[in-house]
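In: please find the sequence and the predicted model below.
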Amino acid sequence: MDSSGKNNPAGNGAWSAIKNFLHIDNSREFLIFLLFFLAVFFFWYLMNLDEQQQEEYSFRLRLVDVPSDMIVTEPLPDYLTVTVKDKGEKILEYAVRKSFKQMDISYGDFLNAGGHVMITGQALSDLLEQKFSSSAQIETVSPDTLVAYVVKNEGKRLPVVFTGTIEADKDHAVNSTTLYPDSVLVYAPSEVLDTLTCVRSVPLNLTGLSDSTNVWLEFEVPSRGVLFKPSEAALGIQVSPYVKSSFVLPIHGYMLPYEYSLRTFPSKAEVSFMISLQQYRTLTPDDFELVVNYVGLDEGRSGKAKLELVRQPKTVRSVKIEPAEVDYLLEVNVSPKPAPQQRQAPALVEEE
């Protein structure tokens, strides 16, 4: 193929368009203007290279030389933003320098007496001076303090405690909750780690639940330099609907003196209630006790008595007893009250 584009239809078309454009009077004037504009811009740029210019730079921070037996519990900020005034030629130099935007900070060079890395004031200024020329003027630095926490790689396992409220709506019940994991490893400065007994979740209020659900829990950080592994826990909440149920229960006497026996008419009553579907499967009549309380009876040996439940599961609601009152009759026991058993005195052993 001819490099001039004679055998290329597309090349021939482009070349013809350029030649036609150059034969137009206005096009020549445009080209002259364009060349003149580029020349002026070039000379203007050269003049500005020696003038002061302001530019903002973001340095990616990296903590290096951390010993293998240590762990970073709070890293340095991701970036350090610096506004600088410098000559235009230096600004151009910073832009083309490949390693300029990376700033490595050695762990050992800035280790604080408190066991963490802290760079501020003059130390930070000295660090930045290594990045810029002597003619640079640093206008602003954000953040103005760099802090990183590094502690011994010896974690302490602590239980996770949920903080907050879990409530279902009026037609459902919360049957159970499960935390996974139920404990996490905690890394922190020793003076902080020694005071911790558990890991608390960030308070979370879950109300009006109508279905089982899972949520992620974040942990409260008691102080700076604390690291959790893992950093979250899953809370599983089992919710089931309420169902209506009932049992027909025998009526017993409660707080009766020994000399009396109680008869009620009828001898049984129906107890109806609402309970969650999951707990309904394991519920039995033995979970309830229906009584007539002797303390509340009139002085007579017969009359009307109110029925009470002295034992019932905490999870039932909307409890109703039918009938609420029964006729009763107190009967005197014929058999005497048994005498309390006498403890036999130990036999004495005569000395020979």
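Out: Cool, got the structure.

In: pairing partners for whatever helix or strand Ala305 lives in, with directions?
Out: Assessed by DSSP states H and E, Ala305 sits inside strand 302-311. Strand 302-311 sits in its sheet next to strand 289-293 (antiparallel), strand 325-332 (antiparallel), going by DSSP bridges.

In: next helix or strand past that strand?
Out: Counting by DSSP H and E, what follows strand 302-311 is strand 317-322.

In: what lies in contact with that next one?
Out: 242, 269-275, 290, 307, 309, 312 (Cβ atoms under 8 Å, 6 or more residues apart in numbering). Just so you know, the C-beta spots here come from the backbone N, C-alpha and C atoms, and that holds for glycine as well.

In: most centrally placed residue in the chain?
Out: Glu218 (1.3 Å; Cα atoms, centre = their mean).

In: excluding chain neighbours, what is closest to that residue?
Out: Distances taken as Cβ to Cβ, 6 or more residues apart in numbering place Val202 nearest to Glu218, at 4.7 Å, with adjacent residues excluded.

In: nearest to Thr264, of the strands paired with strand 302-311?
Out: Across these, Thr264 has its closest neighbour in strand 325-332 (4.6 Å, Cβ to Cβ).

In: mind listing what's buried in the closest one?
Out: For strand 325-332, the neighbour count (16 or more other Cβ atoms under 10 Å) marks 326, 328, 330 as buried.

In: out of those residues, which comes closest to Glu89?
Out: Val326 (104.8 Å).

In: beta-bridge partners for that closest one, please?
Out: Applying DSSP bridges, one finds that Val326 bridges with Ala305.

In: re earlier: which stretch in the strands paired with strand 302-311 has the least confidence?
Out: Lowest mean pLDDT of these: strand 325-332, a mean of 90.

In: okay, and Gly139 sits in which element?
Out: Gly isn't right for residue 139; it's Glu. Using DSSP H and E, Glu139 falls in strand 137-142.

In: that strand: partners in the sheet, and parallel or antiparallel?
Out: Sheet pairing for strand 137-142, using DSSP bridges, gives strand 79-87 (antiparallel).

In: now the element after the partner strand, going C-ward?
Out: Following strand 79-87 in sequence, per DSSP H and E, is helix 88-96.

In: is it correct that the residue nearest to Glu218 is in contact with Val215?
Out: No: here Val202 lies out of contact with Val215, judged by Cβ atoms under 8 Å, at a distance of 11.2 Å.

In: any residues in contact with both of those two?
Out: Common neighbours of Val202 and Val215 (Cβ under 8 Å, 6+ apart) do not exist.

In: pull the number of nearby residues for the residue nearest to Glu218.
Out: Using other Cβ atoms under 10 Å, Val202 has 11 neighbouring residues.

In: quick one, what contacts it?
Out: 163, 217-220.

In: make a PyMOL selection of the buried ones in those residues.
Out: Entered in PyMOL, the line below selects the buried ones among those, by 16+ other Cβ under 10 Å:
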select buried, resi 217+219
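
In: find the pair from the contacts of Val202 with maximum spatial separation.
Out: Taking Cβ to Cβ, no two of the contacts of Val202 sit farther apart than Thr163 and Glu218, at 10.8 Å.

In: fine by me, we can end here.
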